[in-house]
Structure formats: structure tokens, C-alpha cells
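# What follows is a protein structure lacking sequence information:
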């Protein structure tokens, strides 16, 4: 079925960023409503949308033009600035959910740089699965996915990619530049993946993210969350996998019973959220073990443009002086995970971010009560090796020289991947690990010793991660490091 190309006269100039976001919301809502109505009509009567109807199923497009008339005031900010004059554009999905983010980006572009804003309708169609809410895609009136694909827009892999983030996009004369790292269809793709893997609505995801590789951190996070929503602070709800919401109106016994029965085991990487009224809460995702999971979840979390993600999990200590329960603050990564070698070659350094490193060390001081030489006895900084093989010890004779040359102090299976993804996706990152065994020194992870270690260490370790986030919240303006910017970075963070 031929689909008409919309006229450029469909675009309207916007006087303010607020007006632009309202218009984005209006157009997106109208497109979703039209697509849902056409689907309902098809399910009920078999009516096929004509070309004019299908032309309504399109994402709104945001265009920003920067035409400087003189020198622009310099800014040290790592986002909301232009690499050069020109026209920038992107498609937008769920603008109502991304309102705070959009205004954070657009206000400086308009006020400091004098950029002009336009909103219109793009040629990019909204795939029909993205307008279903979770679960109602099951009531498809007996229609098969193949049948729907003949008459409605579908997700196409050819339309989804990370070319902009990976630096593969090439500028061509007289063509618009990208305004953001991800367009609407890439964002919608990941929003649905987040629901699938984590078991919670993507709207529940908070901008401050902890990633862990052990379920015991979840128990401590739930306990902390229950305390926070009962305290006189900013936290309001605890959201569990399956969309279960706990708030202060529930009794302590009721809340604990609900938390204990949450269906986390149904989801590959269950997520837990402690929310605030201003949308500055904390999310914990239990990513499980391995770099594949680490890449998978961060691919999708990245479209939410979080302020930070931190890895708090267990590692093997590689130095004789380390003890079970000691901490490792990663300053560098020896990447043996292999999963990102094509996107970010191993010759590309992954820098430590000073703001995150300092926050983690300050948090360790605050939580442990130790500082100076006493803290140095428990917390070492250095290189972490990240493997894709959990049984790397069986290849010790082959691995020994490389580990020795790297001066590594710890080994795990996720940290290097998470840091590299943060670098790749421009999301501030950091790693604080806890030594749970010492494979090179005869202290292996046996059930009895492991249980004793878990009981003692996990709560303190999680509290350090949460305290670090508390510190970083106070310096969010400087957190988004210029180290993460490429030469031709899109204006949006």
C-alpha cells in the first residue's frame, strides 16, 4: 500500500521549549490514538486502514536550527550545546514521559544559543506493537501477527540501530544532523525490551541505577526501600517486578508479605525501584552473571538517558593482601569480555570518571566509618579484569601473563562491559566490587564460607552504593562528563 509523504508545511515554529514539548505530546497522542483506533476497527470488522489513515500513524519530529549571528558564550556543560551551526532533527516518542529530559535539553539550546524550534510529523511510522500497553496485545481478536503486518507498520531491524552512538553516522551536505543519540523507533524498541526483561513498566525506571550480579543485594535493597518510604523523606513507593507497588499506607507486615511474594523469578533481570515525587529515585537491576546480560540491559537502559549507572557486585580478589569482604574501586578495566570489541575496540581506553570515583570513595568513608590508612586496608583501587568465561581459572597457565602485565587486582564478568557501555552510550559509570573469593590463593567460593560472607558484607556494600548516589545527586550538573563526548556529538545528552 503506498503511503504518502507528508508536506514540510506540516512543521510549525515553536516560540518556547515548553510550547514545543506540548506540541510533541499532542501529535504523539494523536498518532497513537489513530493507530489504536484502526487496530480496534480491524479486530472488530476486518476494516483495513487506507493510505490516508495510515499516514496518521507517524512519530512527531523535532527540528532545532542553530544559526549564530556572532560569538556564542562558551559553556563547560557536556550537553545541550552545538558542535556547529546547522539544522538538527530527531523523532520523539512518549514526550509526556520524557518531558523533564526534553526541557532540560531544549532550554539551554534556545536561551543560550538562540536556536529556533519546529515540530511536525515525520515520515517514520509507529510500529503497531508499540501502542499496546503491557498485556492487551493478547486480545488481538484472533488476528495473527503475520496478518497484522500486511496492513500495519511493524518493527523493522533496518530502522533500528546505534549508528549515531557508535560514530557510524556520516554527515552529508545539505542534510540535517542528528539531534539525539536515539530516535523514536530505537527508543520504543528498548522500552519494550525493558518491560520484558525486568518485569516492570519502563516508566518506573529511575535515573539513578545500581546494577548487581547477586540476588542477595535485592533483599537488602527491598529492606532499604521499605525503610525509606516510611521515613519523612522524599521517597514515596517501592515498585517490584510484576508492577507491584508498596507505599507507606501498608502495614509493615503487609508490605513484607507482598515483597516476599513478588514474582521476580519470572523475569530474566528483575528490577526494583524506590521512587520520588520529582522522579529522582533509585533503581536496582539484578542482571545476573555475564557480559551478555550486562550489555543487553544497558543497551536498553541507555535510551532513558539515566544520570548514572553503578556496578555493585562481587569479584575475585587477585592480590595476596586482599581479604574476603574487602572492596575494589575500579580505576581501569582489562576487557576480556569480547562482547563489545567491534563497537568499542579494545585499544580505546575507558577512562575513570573523577566525579564518580570520588563519590564512591567518600561514600565508603561515610558508611564504613574508616578513612586514611584504615580505609586503604579495605578498599583498593586498580584494574578489574572482566571475562566472558566464568571458569577462566581453568586456563590460568594461559591467562597468567596478561593478568600480571595488567597489574589487575580483581576479576569479574560484568564491570568492564558496563563501563564500556557507559562510555559508548554517554552514561556516567562506576564500579565498586566486594571480594567474595581469592581464586589464586586457595580461598575459593565454598557454600559455607560464602553464606557467612554474604550475611556480613552485602548490606554495607549496598549502602555505599546508595550513599554514592546521594552524593552524585548533589552535583548532577557536573556529573555528565565531557570525557564522554565525541567530536560531532548530538546536542541532546
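Arrived safely. Just so it is clear, the structure is predicted and the values come from calculations on it, not from any experiment. Numbers count the residues shown, from 1 in each chain.
# which stretches of the protein have low pLDDT?
1-9, 134-142, 441-455 (pLDDT under 70).
# What helices and strands are in contact with the longest helix anywhere in it?
Taking DSSP state H as the criterion, the chain has its longest helix at helix 17-45. The contact analysis (3 or more CB pairs under 8 Å, 6 or more residues apart in numbering; DSSP states H and E) places helix 17-45 against strand 12-14, helix 51-54, strand 58-66, helix 99-111, strand 116-125. Glycine gets a C-beta too; all of them are placed from N, C-alpha and C.
# Out of these, which is the most enclosed?
strand 58-66 (a mean of 24; mean count of other CB atoms under 10 Å).
# hang on, the earlier thing: out of the helices and strands packed on helix 17-45, which comes closest to residue 456?
Taking CB to CB, helix 99-111 is the member of the helices and strands packed on helix 17-45 nearest to residue 456, at 39.6 Å.
# Could you quantify the relative orientation of that closest one and helix 17-45 as an angle?
140 degrees (axes from the mean of the first three to the mean of the last three CA atoms, to 10 degrees).
# How about residues contacting helix 99-111?
16-18, 20-21, 24-25, 64, 66, 75, 77, 79-82, 92, 95, 115-117, 279, 305, 491-493 (CB atoms under 8 Å, 6 or more residues apart in numbering).
# Quick one, which of those residues are buried?
Burial by neighbour count, 16 or more other CB atoms under 10 Å: within the contacts of helix 99-111 this picks out 17, 20-21, 24-25, 64, 66, 79-82, 92, 95, 115-117, 305, 491-493.
# Spell out which helix or strand contains residue 430, please.
Using DSSP states H and E, residue 430 maps to strand 429-437.
# and that strand, which strands flank it?
Applying DSSP bridges to the sheet, strand 429-437 is found paired with strand 308-317 (parallel), strand 327-336 (antiparallel).
# could you dump the ones you listed to TSV with distance to residue 126?
Below are these laid out as TSV (distance: least, CB to CB, whole Å):
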stretch	distance to residue 126
strand 308-317	28
strand 327-336	37
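# Check those for me and report the most buried one.
strand 308-317 (a mean of 26).
# starting at the chain centroid, how far to that one?
Offset of strand 308-317 from its chain centre (CA atoms, centre = their mean, to the nearest Å): 16 Å.
# again, but for stretch 255-267
23 Å.
# ok so, going back, looking at the helices and strands packed on helix 17-45, spot the one closest to residue 237.
Per CB to CB, nearest to residue 237 of the helices and strands packed on helix 17-45: helix 99-111, 18.1 Å.
# quick one, helices of the stretch 251-400 of the chain?
With helices called from DSSP state H, counting those that start in this stretch, the stretch 251-400 of the chain shows them at 252-260, 291-301, 354-368, 372-376, 396-406.
# Pipe these into a markdown table and attach distance to residue 158 and mean neighbour count per row.
Listed next are those as a markdown table, based on distance: least, CB to CB, whole Å; neighbours: other CB atoms under 10 Å:
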| stretch | distance to residue 158 | mean neighbour count |
| --- | --- | --- |
| helix 252-260 | 43 | 13 |
| helix 291-301 | 18 | 23 |
| helix 354-368 | 36 | 19 |
| helix 372-376 | 52 | 11 |
| helix 396-406 | 39 | 12 |
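# Now distance to residue 342 too, for those helices, in a markdown table please.
Listed next are the helices of the stretch 251-400 of the chain as a markdown table, based on distance: least, CB to CB, whole Å:
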| stretch | distance to residue 342 |
| --- | --- |
| helix 252-260 | 41 |
| helix 291-301 | 12 |
| helix 354-368 | 26 |
| helix 372-376 | 38 |
| helix 396-406 | 20 |
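# Among those, which comes closest to residue 156?
helix 291-301 (17.7 Å).
# I'd like the distance from that closest one to the chain centre, please.
On CA atoms, centre = their mean, the centre of helix 291-301 falls 9 Å from that of its chain.
# Please name every helix or strand in contact with that helix.
Partner elements for helix 291-301 (3+ CB pairs under 8 Å, 6+ apart): helix 184-198, strand 208-212, helix 415-425.
# Show me the one of these that comes nearest residue 132.
helix 184-198 (9.2 Å).
# Please point out which parts of the closest one sit buried.
Residues of helix 184-198 classed as buried: 184-195, 197-198 (neighbour count, 16+ other CB under 10 Å).
# what distance separates that helix from the centre of its chain?
Its chain's C-alpha centre and that of helix 184-198 lie 11 Å apart, by CA atoms, centre = their mean.
# helices and strands around it, which ones?
Using 3+ CB pairs under 8 Å, 6+ apart: helix 184-198 touches strand 86-91, strand 116-125, helix 291-301.
# if we go to 6 Å?
Contacts defined by 3 or more CB pairs under 6 Å, 6 or more residues apart in numbering; DSSP states H and E place helix 184-198 against helix 291-301.
# Also compute the angle for the helix it packs on relative to strand 308-317, please.
170 degrees.
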